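Asks: predicted structure and sequence below. I'll ask about it afterward.
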Amino acid sequence: MDFLGILYSIFAFLLAIGVLVTVHEFGHFWVARRLGVKVLRFSIGFGKPLWVKTAGVDQTEYVVASIPLGGYVKMLDEREGEVEEHELERSFNRKSVWRRIAIVIAGPAFNFLFAIIAYYLIFLVGVGGIKPVIGEIANSSPAYTAGVQQGDLIVSVNGIETRSWERARFAMLEESVSADEIVLQVQSRDLQIRDKIIDIRELQLLQEEQIDLMRDLGLSSWQPDIPPIISEVHADGAADQAGLQAEDKIISLDGTAVISARQWVKLIRANAEIAMRLKVLRAGEEVEMTLVPRSRSEAGETYGYIGVRNRIEIPESVRLEMRVTERYGPLDAMVEALDKTWRMTWLTLRVLGKLVTGEASVRNLSGPITIAHYAGVSARIGLEPFLGFLAIISISLGVLNLLPVPMLDGGHLFYYVVEVFKGSPVSEAMEIIGQKIGIVLLFCLMSIAIYNDLLRLVD
């Protein structure tokens with residue numbers, strides 16, 4: 001990634017974290033104020049304040065701090081300092097346990113509410129995608145064994161309707177977490193509807209360092225045959241050294257006729273550091289040269305790379321035939337948004353459960369570096385993908401904050417549930433012990449996530 005790309009990813013990451021932390025903390029703030037608790041400070045970020053504004057009847061401090069990885073709402077509380085007698089009733093610790101529960105749970109609840117609103121806007125405006133038509137199928141893969149064929153249209157996945165490729169992929173990911181098989185209902189080219197049962201018991205998807213479900217199933221989305229024409233040659237790359245030029249049309253590689261850009265890319269990737277005879281058509285004449293793809297490694301895979309950009313020319317008729325837009329009316333859009341938020345929440349919970357039981361590898365944990373990368377990628381694509389990215393991260397924040405870990409909202413909720421049954425608050429000594437345990441757990445979790453990020457950078 002170039003320097004400008006890194007800056008763009010950092011900006012997108014800070015924007016995403018800023019929005020989602022503000023949403024979370026505003027939930028605590030808004031409910032606390034409605035339930036009669038005095039709020040002393042509303043801070044986005046930790047550490048040294050960069051910007052401070054005091055406003056309102058209570059002279060609440062609104063702060064933007066230097067470390068943007070979180071935030072907090074500081075409320076009037078006798079456990080944190082002396083409280084004047086006339087304000088005792090506005091102290092957090094003086095409120096009933098049910099009001100304290102409402103204030104604490106409001107932060108995660110607002111994260112889920114944000115996701116619902118984000119998905120609602122996406123479905124209301126319309127989600128663009130392509131039809132779930134299956135492309136090439138890897139030999140000896142689970143999909144190949146199940147009899148899935150190129151050109152099949154996926155109608156449903158384990159009974160879940162799939163109107164687009166993105167929906168089909170998400171449904172397969174959902175089902176793969178806990179099911180032993182995936183039942184694809186497909187419409188073949190002869191227009192017959194058939195069920196294809198894909199056995200996934202041997203895949204162990206969550207044990208992989210980076211999950212690529214489609215690759216493991218042997219599936220790919222349909223792609224049109226695009227002529228293998230070069231649109232740009234990068235300076236000093238293998239293609240440049242071989243003599244390739246823009247507008248060259250690939251004819252053959254080592255005697256193999258090349259008929260599509262997809263075939264051309266596959267041949268290059270499969271022949272790293274191998275000298276091959278390349279024949280191209282240039283200005284109506286055939287030109288021959290020797291091409292040696294350079295070796296590149298990424299995510300544990302080594303492949304050939306020559307430094308060119310291929311011309312992508314898809315006929316408009318094909319674009320229109322394959323394109324689908326999921327757009328709903330106001331009521332249906334809300335139903336879809338609620339459904340998507342619930343399904344994403346449940347998927348997150350199931351994956352977390354498998355992490356705890358050891359059925360999923362901690363190598364799948366991602367830290368701020370990976371999140372920043374995907375924030376930048378989604379923001380570059382457009383507003384709708386970035387909004388979808390924010391919804392996913394917001395759901396993750398909501399779920400994580402509800403875990404019964406001291407220092408998180410879920411830890412406080414656990415104390416209050418104990419208080420409900422016990423009839424009295426958890427002792428201060430017990431809370432201090434819990435905080436220390438929580439700090440250690442969060443530090444270990446963050447260390448593993450950042451370590452995974454660094455490993456991915458190295459790979």
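Replies: Cool, got the structure.
Asks: most distant residue from the centre of this protein?
Replies: Glu85 (49.1 Å; C-alpha atoms, centre = their mean).
Asks: hey, where'd the helices end up in the stretch 151-300 of the chain?
Replies: 165-178, 213-217, 238-242, 261-269 (DSSP state H, counting those that start in this stretch).
Asks: tell me the buried residues in the first one?
Replies: Neighbour-count burial for helix 165-178 flags 165-177 (criterion: 16 or more other C-beta atoms under 10 Å). (Glycine included, C-beta is placed from N, CA and C.)
Asks: redo these as a markdown table? Include distance to Val356 and pLDDT.
Replies: Converted to a markdown table, the buried residues of helix 165-178 look like this (distance: C-beta to C-beta, whole Å; pLDDT from 0 to 100):
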| residue | distance to Val356 | pLDDT |
| --- | --- | --- |
| Trp165 | 32 | 88 |
| Glu166 | 29 | 88 |
| Arg167 | 29 | 89 |
| Ala168 | 29 | 89 |
| Arg169 | 26 | 88 |
| Phe170 | 23 | 87 |
| Ala171 | 25 | 89 |
| Met172 | 24 | 88 |
| Leu173 | 20 | 85 |
| Glu174 | 19 | 85 |
| Glu175 | 21 | 84 |
| Ser176 | 19 | 82 |
| Val177 | 14 | 81 |
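Asks: can you mark which positions in stretch 275-291 are buried?
Replies: Met276, Leu278, Lys279, Val280, Leu291.
Asks: so which pair among these is furthest apart in space?
Replies: Across the buried residues of stretch 275-291, no pair lies farther apart than Met276 and Val280, at 12.5 Å, counting by C-beta to C-beta.
Asks: picking up where we left off before, quick one: closest of the helices of the stretch 151-300 of the chain to Asp225.
Replies: helix 261-269 (7.3 Å).
Asks: would a markdown table of the helices of the stretch 151-300 of the chain with distance to Gly70 be doable?
Replies: As requested, the helices of the stretch 151-300 of the chain are exported to a markdown table (distance: least, C-beta to C-beta, whole Å):
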| stretch | distance to Gly70 |
| --- | --- |
| helix 165-178 | 28 |
| helix 213-217 | 32 |
| helix 238-242 | 46 |
| helix 261-269 | 41 |
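Asks: which one of these lies nearest to Leu441?
Replies: helix 165-178 (23.7 Å).
Asks: need the helix or strand of this protein with the lowest average pLDDT.
Replies: None of the helices or strands of the chain scores lower by mean pLDDT, DSSP states H and E than helix 316-322, at a mean of 67.
Asks: which is the next helix or strand following that one?
Replies: Downstream of helix 316-322, the next assigned helix or strand under DSSP states H and E is strand 323-326.
Asks: what's in contact with that next one?
Replies: For strand 323-326, contacts defined as C-beta atoms under 8 Å, 6 or more residues apart in numbering pick out Phe123, Gly126, Val127, Gly128, Gly129, Ile130, Lys131, Arg163, Ser164, Arg167, Glu336.
Asks: ok, the second one to Asp332 distance?
Replies: Plainly put, Gly126 is 12 Å away from Asp332 if you go by C-beta to C-beta, to the nearest Å.
Asks: shaky segments in this protein?
Replies: 1-3, 204-211, 299-300, 314-320, 359-374, 448-449, 451-459 (pLDDT under 70).
Asks: 50 instead?
Replies: Under the criterion pLDDT under 50, no range of the chain is flagged.
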